[in-house]
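Colleague: Please find the sequence and the predicted model below.
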There are 2 protein chains.
Amino acid sequence: MTVTGVKNFFATRIEEENMKSKKQTQLAPHKSKGRPRTFDREVALHRALGVFWRSGYEPAAMSELCAAMEINPPSLYAAFGNKAQLFMEAVQHYEDVYWNATWQRMEDTRDIREAMATFFSEAAGILTSQEVPCGCMVILAATNVSQEAKEVNDALRALRQEGRDCFLTRLKRAVVEEQLPANTDVASLASTLNTILEGMSLQARDGMSSVELKRIAATAMTLLPAKDSEGDVPQRDKSAGVKTRKKRS
Amino acid sequence: MTVTGVKNFFATRIEEENMKSKKQTQLAPHKSKGRPRTFDREVALHRALGVFWRSGYEPAAMSELCAAMEINPPSLYAAFGNKAQLFMEAVQHYEDVYWNATWQRMEDTRDIREAMATFFSEAAGILTSQEVPCGCMVILAATNVSQEAKEVNDALRALRQEGRDCFLTRLKRAVVEEQLPANTDVASLASTLNTILEGMSLQARDGMSSVELKRIAATAMTLLPAKDSEGDVPQRDKSAGVKTRKKRS
DNA sequence: ACCATTACGTAACGCCCACTACATTAATAC
DNA sequence: GTATTAATGTAGTGGGCGTTACGTAATGGT
């Protein structure tokens, strides 16, 4: 959902294997002629994801990736193209495995405050889910890269922008559903929430615990303006008045 | 003020010149015997700062630095030691030139809301002051560095922590001065403000304008709980009591 | 059986990095 | 003057990076 155009950032795909054998990784018999590969492509990709997540894009050396994936350079290049393509595929995998469900849950949860609180709480968990402090791969893995990795950074920046847009869409819906005041500055609020998410990612990389991050998340929830029944700024109150549920896949 | 121990992170200083000739850069006559240097050390340092700020620590190549500083490698190494020491000196210079006044102003401003609003507004200006999007050097210049640059990253992490501590100290004072409710969770609030500052830095590096950043800053100011005129309950207090306030100074 | 095709392991390739020998030049000390 | 000290420019150093030749091994097609 949040990730739409990742695979298209590198149009020249050396590897089109997933076209002809979509589901098979190692179990299904291979249709093509040559020697079959001796490693599980998805397992290798997942291991590469771990390296990229912990080290970042440029500090992750191909030798390190090869060691973690337990394959040699020629196998890696034959299966994934090059470092940038491997990284972008790892990012796609990362979003699918770690974030998509959480984003979807934010969209599905009716009450805006519960939706946001749950999202940020879960985010705090994801950001600290690795054994080593990492933060969010989309946010951090390509910061401070040299000029030649600009394409990768641009791709990740687009994904970060998608996150901000998700916040905005969700907040707009909350206004329509009268869970937020009509005069709420949803644009600034969405940007601020996205800013906090990115900041939390930096904090997580600095070693902040999940508990502390969730405390920040809880504090950030006070950014959501109280629903004005009629007056100005009363206390927060949740008498659920949900109308429609916009499900989008 | 915020920067205290930068110079001590690299105890082995090749260059102790600033001990024997503290103020002279090029103007004052040199006391020592040998051939005098033909470049202004502070000017060179300032140019190095620009390169590090825009490129980050590791992407900044020594060749790039030499070109910007208009000196050759041997002169650079003789004057600054090595890349890490040059960077830390640039960080010190960066704090002095760009941030110290702003931090100090936050401390000096009586009203907490005005202090915070001014700080974040000025921060938005600093983060976008370079021609190229950069963000904050302390926050971003050493993210995603390889293992061998860990010392540099640790030094910057300590500086980031100092920033959070500055927020905390200022907030505590505001509580004492009864500008914030007594039950304010100053620890979480300080962490959240620091998180937003770091997030703003990432946004700035992604190209966000000063205007948008200031909009975020204004939105973030709603995090500050309203001053309770009497014993009312102005702020949510669901996270129980807060302990573990680490006082460090 | 034989070929075409594909993945494999070994061993490198060229490039750029931070860093430095070395001879030279320019100042002070005596 | 001569000696001493220190900064300079040229031209490299070794090392790690991403990537790839190349010969071999293992499959399917016929």
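Modeller: Alright, I've got the coordinates.
Colleague: is stretch A:121-139 up against chain B anywhere?
Modeller: Yes: for stretch A:121-139 and chain B, the contact criterion (C-beta under 8 Å from any C-beta of the partner chain) is met by A:I139. Heads up, the C-betas are built off the backbone N, CA and C, glycines and all.
Colleague: Which positions within that stretch qualify as buried?
Modeller: Buried positions in stretch A:121-139, judged by neighbour count with 16 or more other C-beta atoms under 10 Å in any protein chain shown: A:121-124, A:126-128, A:134-139.
Colleague: Return the member of these nearest to chain B.
Modeller: The nearest member of these to chain B, counting by C-beta to the nearest C-beta, is A:I139 at 6.8 Å.
Colleague: so where does the closest one fall, helix or strand?
Modeller: A:I139 belongs to helix A:137-140 when assigned by DSSP states H and E.
Colleague: So what's the gap between that helix and the chain middle?
Modeller: When C-alpha coordinates are averaged (C-alpha atoms, centre = their mean, to the nearest Å), helix A:137-140 and its chain have centres 8 Å apart.
Colleague: so where is chain A shaky, pLDDT-wise?
Modeller: Chain A contains residues with pLDDT under 70 at A:1-31, A:229-249.
Colleague: Return the residues of it in contact with DNA strand D.
Modeller: Contact residues (C-beta under 7 Å from any atom of the strand) of chain A with DNA strand D: A:29-36, A:58, A:60-64, A:72-74, A:77, A:82-84.
Colleague: For the buried ones among the residues you listed, write the corresponding PyMOL selection.
Modeller: Remark: buried members of those, expressed as a PyMOL selection using 16+ other C-beta under 10 Å:
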select buried, chain A and resi 58+60+64+77+83+84
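Colleague: Could you restrict the residues of chain A next to DNA strand D to the ones contacting chain B?
Modeller: The subset of these lying close to chain B, counting by C-beta under 8 Å from any C-beta, consists of A:E58.
Colleague: In terms of helices and strands, where is A:W53?
Modeller: If you go by DSSP H and E, A:W53 is part of helix A:41-55.
Colleague: Next, the buried residues of that helix.
Modeller: Buried, per 16+ other C-beta under 10 Å, within helix A:41-55: A:41, A:44-55.
Colleague: Over to stretch A:136-149?
Modeller: For stretch A:136-149, burial by neighbour count (16+ other C-beta under 10 Å) applies to A:C136, A:M137, A:V138, A:I139, A:L140, A:A141, A:A142, A:T143, A:N144, A:V145, A:A149.
Colleague: how about the last one, secondary structure?
Modeller: Read that as A:A149. Following DSSP: H, G, I helix; E, B strand; the rest coil, we place A:A149 in the helix state.
Colleague: list the contacts for it?
Modeller: Taking C-beta atoms under 8 Å, 6 or more residues apart in numbering or on different chains, we find A:A149 in contact with A:Y57, A:E58, A:A84, A:A142.
Colleague: Just those: which are in strands?
Modeller: If you go by DSSP state E, those have nothing in strands.
Colleague: coming back round to it: format the buried residues of stretch A:136-149 as a markdown table; extra columns: distance to A:L223.
Modeller: Listed next are the buried residues of stretch A:136-149 as a markdown table, based on distance: C-beta to C-beta, whole Å:
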| residue | distance to A:L223 |
| --- | --- |
| A:C136 | 20 |
| A:M137 | 25 |
| A:V138 | 22 |
| A:I139 | 19 |
| A:L140 | 23 |
| A:A141 | 27 |
| A:A142 | 28 |
| A:T143 | 25 |
| A:N144 | 29 |
| A:V145 | 31 |
| A:A149 | 34 |
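Colleague: Pick out the most distant pair among those.
Modeller: Pairwise distances across these peak at 17.8 Å for A:C136 and A:A149 (criterion: C-beta to C-beta).
Colleague: ok, now how distant is A:C134 from B:N144?
Modeller: Computed as C-beta to C-beta, to the nearest Å, the A:C134 to B:N144 distance reads 11 Å.
Colleague: List the residues that are in contact with both of those two.
Modeller: Contacts common to A:C134 and B:N144, judged by C-beta under 8 Å, 6+ apart, are A:L140.
Colleague: Could you check how many residues crowd around the closest residue to A:L49 other than its chain neighbours?
Modeller: Computed as C-beta to C-beta, 6 or more residues apart in numbering or on different chains, the closest residue to A:L49 that is not its neighbour in sequence is A:A90, at 4.2 Å. Counted by other C-beta atoms under 10 Å in any protein chain shown, the residues lying close to A:A90 total 25.
Colleague: before we move on, the earlier item: quick one: which of the buried residues of stretch A:136-149 is nearest to B:N153?
Modeller: Distance ranking of the buried residues of stretch A:136-149 against B:N153, using C-beta to C-beta, places A:N144 first at 10.7 Å.
Colleague: For the nearest residue to that closest one once chain neighbours are set aside, give its distance to A:D154.
Modeller: Distance criterion C-beta to C-beta, 6+ apart; nearest residue to A:N144, sequence neighbours excluded, is B:G56 at 3.4 Å. Using C-beta to C-beta, we find B:G56 at a distance of 16 Å from A:D154.
Colleague: Cool, thanks, talk later.
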